[in-house]
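Student: how would this look folded up:
(one chain, ligands or ions: 1)
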Amino acid sequence: MTQHNSPEETIFSRIIRKEIPADIVYEDELALAFKDINPQAPVHLLIIPKKIIPTTNHISKDDREVVGHLHWVAAQLAEQLGVAHDGFRTVMNCNEYGGQTVYHIHLHFLAGKPMGWPPYQERLKTA
Ligand code: 5GP
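Tutor: As a prediction, this is how the structure comes out:
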(Lines give C-alpha, C1' and ligand atoms only; values in the text may rest on other atoms or scores of the structure.)
Protein backbone atom coordinates (compact mmCIF):
# COMPACT_ATOMS: atom_id res chain seq x y z
CA MET A 1 0.00 0.00 0.00
CA THR A 2 1.30 3.47 -0.85
CA GLN A 3 2.17 5.60 2.12
CA HIS A 4 1.68 9.36 2.05
CA ASN A 5 3.96 10.34 4.86
CA SER A 6 4.99 13.95 5.24
CA PRO A 7 8.72 14.68 5.34
CA GLU A 8 8.20 16.02 8.87
CA GLU A 9 7.11 12.62 10.12
CA THR A 10 9.15 10.76 12.73
CA ILE A 11 8.86 7.43 14.47
CA PHE A 12 6.24 9.08 16.71
CA SER A 13 3.83 9.49 13.77
CA ARG A 14 4.04 5.74 13.26
CA ILE A 15 3.31 5.18 16.96
CA ILE A 16 0.28 7.51 16.72
CA ARG A 17 -1.02 5.50 13.74
CA LYS A 18 -0.30 2.24 15.67
CA GLU A 19 1.96 1.08 12.84
CA ILE A 20 4.62 0.19 15.39
CA PRO A 21 4.00 -0.95 18.94
CA ALA A 22 4.31 1.25 21.99
CA ASP A 23 3.18 0.82 25.56
CA ILE A 24 0.39 3.40 25.41
CA VAL A 25 -0.90 4.65 28.77
CA TYR A 26 -3.20 7.47 27.62
CA GLU A 27 -4.88 8.65 24.43
CA ASP A 28 -7.39 11.31 23.45
CA GLU A 29 -8.12 13.35 20.33
CA LEU A 30 -5.16 15.68 20.87
CA ALA A 31 -2.49 13.63 22.60
CA LEU A 32 -0.91 10.27 23.21
CA ALA A 33 1.26 9.11 26.13
CA PHE A 34 3.45 6.02 26.11
CA LYS A 35 6.41 4.53 27.95
CA ASP A 36 9.85 5.65 26.83
CA ILE A 37 11.75 2.77 25.23
CA ASN A 38 14.91 3.72 27.17
CA PRO A 39 13.63 4.81 30.60
CA GLN A 40 15.74 7.21 32.65
CA ALA A 41 13.61 6.87 35.81
CA PRO A 42 11.28 4.23 37.32
CA VAL A 43 8.46 6.00 35.47
CA HIS A 44 9.42 7.57 32.13
CA LEU A 45 6.58 8.48 29.81
CA LEU A 46 6.47 10.57 26.67
CA ILE A 47 3.41 12.78 26.21
CA ILE A 48 3.08 13.89 22.60
CA PRO A 49 0.62 15.91 20.52
CA LYS A 50 -0.99 14.08 17.61
CA LYS A 51 -0.24 17.16 15.52
CA ILE A 52 3.30 17.23 14.19
CA ILE A 53 5.22 20.12 15.76
CA PRO A 54 8.94 19.44 15.21
CA THR A 55 10.43 21.51 18.05
CA THR A 56 9.48 24.05 20.69
CA ASN A 57 10.66 26.67 18.18
CA HIS A 58 7.78 25.66 15.88
CA ILE A 59 4.99 26.17 18.45
CA SER A 60 2.56 28.70 16.95
CA LYS A 61 -0.08 30.80 18.65
CA ASP A 62 -2.69 28.28 17.45
CA ASP A 63 -0.77 25.48 19.16
CA ARG A 64 -1.10 26.97 22.66
CA GLU A 65 -4.11 24.82 23.52
CA VAL A 66 -2.51 21.55 22.47
CA VAL A 67 0.78 22.31 24.20
CA GLY A 68 -1.03 23.28 27.39
CA HIS A 69 -3.02 20.07 27.02
CA LEU A 70 0.19 18.02 27.26
CA HIS A 71 0.72 19.45 30.75
CA TRP A 72 -2.88 18.71 31.70
CA VAL A 73 -2.34 15.08 30.60
CA ALA A 74 0.80 15.03 32.78
CA ALA A 75 -1.26 16.11 35.79
CA GLN A 76 -3.87 13.40 35.11
CA LEU A 77 -1.20 10.72 34.78
CA ALA A 78 0.58 11.91 37.93
CA GLU A 79 -2.65 11.49 39.87
CA GLN A 80 -3.40 8.08 38.33
CA LEU A 81 0.12 6.80 38.97
CA GLY A 82 0.19 8.10 42.52
CA VAL A 83 3.23 10.32 42.00
CA ALA A 84 1.54 13.73 42.21
CA HIS A 85 2.38 14.27 45.86
CA ASP A 86 6.01 13.11 45.77
CA GLY A 87 6.53 15.02 42.55
CA PHE A 88 7.91 14.42 39.12
CA ARG A 89 9.70 16.20 36.30
CA THR A 90 8.37 17.25 32.91
CA VAL A 91 10.86 18.41 30.33
CA MET A 92 10.80 19.18 26.61
CA ASN A 93 14.19 19.16 24.92
CA CYS A 94 14.82 21.47 21.96
CA ASN A 95 17.40 20.96 19.22
CA GLU A 96 20.98 19.86 19.70
CA TYR A 97 21.93 21.72 22.86
CA GLY A 98 18.66 20.71 24.47
CA GLY A 99 19.39 17.07 23.70
CA GLN A 100 16.47 16.53 21.31
CA THR A 101 16.72 13.39 19.19
CA VAL A 102 13.14 12.95 17.91
CA TYR A 103 11.78 15.97 16.05
CA HIS A 104 8.14 15.72 17.10
CA ILE A 105 7.71 17.60 20.37
CA HIS A 106 7.24 15.45 23.44
CA LEU A 107 6.96 16.09 27.12
CA HIS A 108 9.17 13.71 29.07
CA PHE A 109 7.39 12.67 32.29
CA LEU A 110 9.89 11.33 34.81
CA ALA A 111 8.92 10.07 38.25
CA GLY A 112 9.59 7.50 40.93
CA LYS A 113 12.86 8.86 42.32
CA PRO A 114 14.29 12.25 43.31
CA MET A 115 15.65 14.10 40.29
CA GLY A 116 19.04 15.77 40.25
CA TRP A 117 19.61 19.44 39.48
CA PRO A 118 21.22 20.95 37.45
CA PRO A 119 20.17 18.58 34.69
CA TYR A 120 23.35 18.77 32.64
CA GLN A 121 26.97 17.76 32.70
CA GLU A 122 29.59 20.03 31.21
CA ARG A 123 30.74 18.72 27.86
CA LEU A 124 34.48 18.21 27.67
CA LYS A 125 36.04 21.04 25.72
CA THR A 126 38.61 20.11 23.10
CA ALA A 127 41.69 22.31 22.80
P1 5GP B 1 14.58 13.41 23.08
O2 5GP B 1 16.01 12.94 23.12
O3 5GP B 1 14.18 13.81 21.67
O4 5GP B 1 14.25 14.47 24.09
O5 5GP B 1 13.71 12.18 23.51
C6 5GP B 1 13.34 11.16 22.62
C7 5GP B 1 12.94 9.99 23.46
O8 5GP B 1 12.24 9.09 22.65
C9 5GP B 1 14.12 9.23 24.08
O10 5GP B 1 13.99 9.24 25.49
C11 5GP B 1 14.00 7.84 23.48
O12 5GP B 1 14.34 6.82 24.39
C13 5GP B 1 12.55 7.79 23.05
N14 5GP B 1 12.29 6.95 21.90
C15 5GP B 1 12.94 6.99 20.70
N16 5GP B 1 12.40 6.09 19.85
C17 5GP B 1 11.39 5.49 20.53
C18 5GP B 1 10.45 4.46 20.15
O19 5GP B 1 10.43 3.94 19.04
N20 5GP B 1 9.55 4.10 21.10
C21 5GP B 1 9.53 4.66 22.34
N22 5GP B 1 8.59 4.21 23.19
N23 5GP B 1 10.39 5.62 22.71
C24 5GP B 1 11.30 6.04 21.81
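Student: measure residue 96 to residue 54 for me?
Tutor: The gap separating residue 96 from residue 54 is 13 Å, by C-beta to C-beta, to the nearest Å. Bear in mind the C-beta positions are built from the backbone N, C-alpha and C, glycine included.
Student: Compare those two (neighbour count), which wins?
Tutor: residue 54 (16 against 8; other C-beta atoms under 10 Å).
Student: quick one: that one and residue 102 touch, right?
Tutor: No. Using C-beta atoms under 8 Å, residue 54 makes no contact with residue 102, being 9.5 Å away.
Student: For stretch 75-93, give the mean pLDDT please.
Tutor: Averaged across stretch 75-93, pLDDT comes to 98.
Student: Now do the strands in this protein.
Tutor: Remark: strands assigned in the chain by DSSP state E are 24-27, 31-35, 43-49, 88-91, 107-111.
Student: and the one helix or strand in the chain whose mean pLDDT sits lowest, how far out from the chain's middle?
Tutor: Lowest by mean pLDDT, DSSP states H and E among the helices and strands of the chain is helix 95-98, with a mean of 95. Mean C-alpha position of helix 95-98 versus that of the full chain (C-alpha atoms, centre = their mean, to the nearest Å) differs by 15 Å.
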